[in-house]
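S.K.: any chance you can model this:
(chains A and B)
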Amino acid sequence: MTTLPDARGHFGRFGGRFVPETLMAPLLELEKAYAAARRDRGFQQRLASLLADYAGRPTPLYFAARLTEHCGGARIWLKREDLCHTGAHKVNNVLGQALLAARMKKTRIIAETGAGQHGVATATAAALLGVPCEVYMGAEDIARQALNVFRMRLLGAKVIPVESGSKTLKDAVNEALRDWVTNVHTTYYLLGSALGPHPYPMMVRDFHTVIGKEARTQSRRAIGRVPDVVVACVGGGSNAIGLFHPFIEERRTRIVGVEPGGGGLASGKHGASMAAGAVGVLHGSMSYLLQNDDGQVAVAHSISAGLDYPGVGPEHAYYKDTGRFEFVSITDEEALEGFQALTRLEGIMPALESAHAVAHAMRLAKTLPRSKVMVVGLSGRGDKDVYVVAKALGMEIG
Amino acid sequence: MSPTAGRTSRLDETFARLRARGERALVAYLMAGDPSLDATRRLVVEAERRGADVIELGVPFSDPLADGPVIQRAGIRALAGGTSLPRILEMVATLRAEVRVPIALMTYYNPVLAFGLKSFARTAADAGADGVLVPDLPWEESEPLRAEAEPAGLDVIQFVAPTSTPARVKTIARLARGFIYLVSLTGVTGERRELPKDLDAQIRTLRLLTTKPVCVGFGVSTPDQVAAVAAAADGVAVGSAIVRKIEEYTATPTLIEKVGDFIATLKDPLRAGSSAGFARAILGGGTEERAVRRATTVGRGA
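M.R.: Have a look, this model is predicted:
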């Protein structure tokens, strides 16, 4: 099971490399460079020391006692990726890929970003390594994530607004791919989620499995066994695959991905590609995709910019089909409730993305006995979302 | 009944005829449904009349990652007008009564997947389409489409890029049907003031690995550029420059005529014996066939 993907980057019928011919040689080069880095002890040591001393790993596994009490069921533990440097799990993958870019002697880094967390993490790593960085971001996301845009600029990155299509993450990926196809000799495309053409879904997963590996060890130490349920939000699915992957062979652990339900599945305004999508190809890989009957990709809707994506990583699609992963959805409204509950009960303000996982965990905890243990991926902190939350709750800041 | 694989395809016939005449092919790109499917039908008729040898018919897609702004905008217009792959194929079927020019559909993979590979191949071939180009389908992933398209008589046209290694080019050339589409530059579609300096060398390297017709596209937009590229290639694909003309004249009564005029100026340097182009300079002596062969190995300025 851990041998996936196959040599051509397929997870069963998903994944692959559906890109213009111009990108094939660079992707093969990237795959080779990554394989070499993986075997290189120096590379691994450098990454491990950055994760520890720079990013602040391991992140704690924290027992949310008041939240658990409030729900009155299963015990809820939080895997605190919100405590990572830059405020989200994104930094795990970014440090790995940025070191790889340096190893490949690329002189420029580009990235796409939705909520801005991946953009901030990439700008951070670029500053650390002294490499110029440009981040593509949908114009709509720029408007709702102004704080992260400013952070990227402070870090020295150039934020390029994307005005095409829905002006969100999907279009930012298109534009980043167009840039890469143009500047392929000098530029490293630092993709931020477990999607895109092979080797990205595999590589991004590998860099994030530190989340699940730590959680497994910490769980054994804290409760003497693996958790009964792990829960994480799924947009592209990077934090989720990082948390889930080390538990795939733990048969007693239920694995639950939480998709953005937006205004509810019936409203048609959501980002639940597993629940409402069909198999298709977008951004270089085959997976579940929100689309119309003619194969035109639909516009996703979510209160959280980081989940506002019509596709999902191919490995998630594979494990949905095998039944190993379950997928549910949480609406904007429920996510806001999760956000407020965690903030008030635990003093932890989650990112709106992570609030989806929290909201589902609360719902699920109520149906389970106290003997059950749940680990929730708290992928990021919510400072970036305060404007959106204020607006949604009809409050004013200051 | 679909044409069978044994039959010579309309694309093969076209390139053989042009080669025999010492002529180069103009591959003219039109975005289907821009400004309307009816206008596209009339534009194809006009394009054939004014010298286009192959029509590349764009299928609009929501996420055209290989395209620059001009074709992106055309796609948005076409989608806004309700254009879809099934409706485009219906239009091609009516066109077939009016034109003989080969038609190749340029489409991203997802609309084809949504149609269903088998039913797409059969419907497109029955409608009279001759080939399909899928810019996000490298050869490694193209087997399922080829398995349906080739028996139906639909040529799957393959791309070669500046970054393609010799090993890749060999495989691509072996799988290629109809012609090979050589992407001139690293980048997206769109007009460029200058084409890459090593383009001639690229074409000649490709020639060493295949005898299949080679058409060059991406960035080629003026008659002068067409003439320069034609020195070494069998054909030249022009997209964004034509689409921009359509955009410019879209709401005017002279749309068809203006686009036709432009296509004629693009074809001019490709005709045998053209004063503007490669042909007179190269086809100095011997039979045309030998001259063409020389042209492809010696290249421009020989």
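
S.K.: and the pLDDT at the residue in chain B that chain A sits nearest to?
M.R.: Minimum separation of chain B from chain A (CB to the nearest CB) falls at residue B:114, amounting to 2.9 Å. The way it works is simple: take the backbone N, C-alpha and C, and place the C-beta from them, glycine included. pLDDT, residue B:114: 98.

S.K.: that one touches residue A:291, doesn't it?
M.R.: Yes. Under the criterion of CB atoms under 8 Å, residue B:114 makes contact with residue A:291 at 6.7 Å.

S.K.: neighbour count: those two, which is higher?
M.R.: Neighbours per residue, other CB atoms under 10 Å in any protein chain shown: of residue B:114 and residue A:291, the larger number sits with residue A:291, 25 against 22.

S.K.: the helix or strand where residue B:16 lies - contacts with which helices or strands?
M.R.: Here residue B:16, judged by DSSP states H and E, is contained in helix B:10-21. Under the contact criterion of 3 or more CB pairs under 8 Å, 6 or more residues apart in numbering or on different chains; DSSP states H and E, helix B:10-21 touches strand B:25-31, helix B:288-298.

S.K.: in terms of mean pLDDT, which of the ones you listed ranks lowest?
M.R.: helix B:288-298 (a mean of 36).

S.K.: thinking again about what came up before, CA atoms of the helix holding residue B:16 as PDB?
M.R.: Once non-C-alpha atoms are left out, helix B:10-21 reads as follows in PDB (Å, rounded to 0.1, in the frame of the first residue of the first chain):
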ATOM      1  CA  ARG B  10      -7.300  13.300 -45.100                       C
ATOM      2  CA  LEU B  11      -4.400  14.800 -43.200                       C
ATOM      3  CA  ASP B  12      -1.900  12.400 -44.800                       C
ATOM      4  CA  GLU B  13      -3.400  13.200 -48.300                       C
ATOM      5  CA  THR B  14      -3.100  16.900 -47.600                       C
ATOM      6  CA  PHE B  15       0.500  16.800 -46.600                       C
ATOM      7  CA  ALA B  16       1.500  14.400 -49.400                       C
ATOM      8  CA  ARG B  17      -0.200  16.700 -52.000                       C
ATOM      9  CA  LEU B  18       1.500  19.800 -50.600                       C
ATOM     10  CA  ARG B  19       4.900  18.100 -50.500                       C
ATOM     11  CA  ALA B  20       4.500  17.000 -54.100                       C
ATOM     12  CA  ARG B  21       3.800  20.600 -55.000                       C
END
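
S.K.: can you list the buried residues in it?
M.R.: Neighbour-count burial for helix B:10-21 flags B:10, B:11, B:12, B:14, B:15, B:18, B:19 (criterion: 16 or more other CB atoms under 10 Å in any protein chain shown).

S.K.: cool, and stretch A:389-398?
M.R.: Buried-residue list, stretch A:389-398, by 16+ other CB under 10 Å: A:389, A:392.

S.K.: what's in contact with it?
M.R.: Contacts to stretch A:389-398, defined as CB atoms under 8 Å, 6 or more residues apart in numbering or on different chains, come from residues A:303, A:332, A:336, A:339, A:352, A:382, A:386, A:387.

S.K.: where in chain A is pLDDT low?
M.R.: Where chain A drops to pLDDT under 70, the residues are A:1-2.

S.K.: any chance you could map the strands in it?
M.R.: A:10-11, A:14-15, A:61-63, A:75-80, A:108-113, A:133-138, A:158-162, A:187-189, A:229-233, A:254-262, A:278-282, A:285-289, A:325-331, A:373-378 (DSSP state E).

S.K.: also the stretch 51-200 of chain B?
M.R.: In the stretch 51-200 of chain B, the segments counted as strands under DSSP state E, counting those that start in this stretch are B:54-58, B:103-106, B:131-133, B:155-160, B:180-183.

S.K.: again with the stretch 201-302 of chain B
M.R.: Using DSSP E, counting those that start in this stretch, strands in the stretch 201-302 of chain B cover B:214-217, B:235-238.

S.K.: mind giving me TSV with the ones you listed and columns for mean neighbour count and distance to chain A?
M.R.: Converted to TSV, those look like this (neighbours: other CB atoms under 10 Å in any protein chain shown; distance: least, CB to the nearest CB, whole Å):
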stretch	mean neighbour count	distance to chain A
strand B:214-217	26	12
strand B:235-238	27	15
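
S.K.: dump these to a markdown table, plus mean pLDDT.
M.R.: Output for these, formatted as a markdown table (pLDDT from 0 to 100):
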| stretch | mean pLDDT |
| --- | --- |
| strand B:214-217 | 98 |
| strand B:235-238 | 98 |
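
S.K.: just send the ones you listed back as JSON lines, with distance to residue A:70 too.
M.R.: Output for those, formatted as JSON lines (distance: least, CB to CB, whole Å):
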{"stretch": "strand B:214-217", "distance to residue A:70": "62"}
{"stretch": "strand B:235-238", "distance to residue A:70": "64"}
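
S.K.: and the residue in the stretch 101-250 of chain A positioned nearest to chain B, what does it touch?
M.R.: As assessed by CB to the nearest CB, chain B sits closest to residue A:182 within the stretch 101-250 of chain A, at 4.1 Å. Residues in contact with residue A:182 (CB under 8 Å, 6+ apart) are B:186, B:187, B:188.

S.K.: quick one: which of these is nearest residue A:78?
M.R.: Residue A:78 lies nearest to residue B:188 out of the contacts of residue A:182, by CB to CB, at 43.3 Å.
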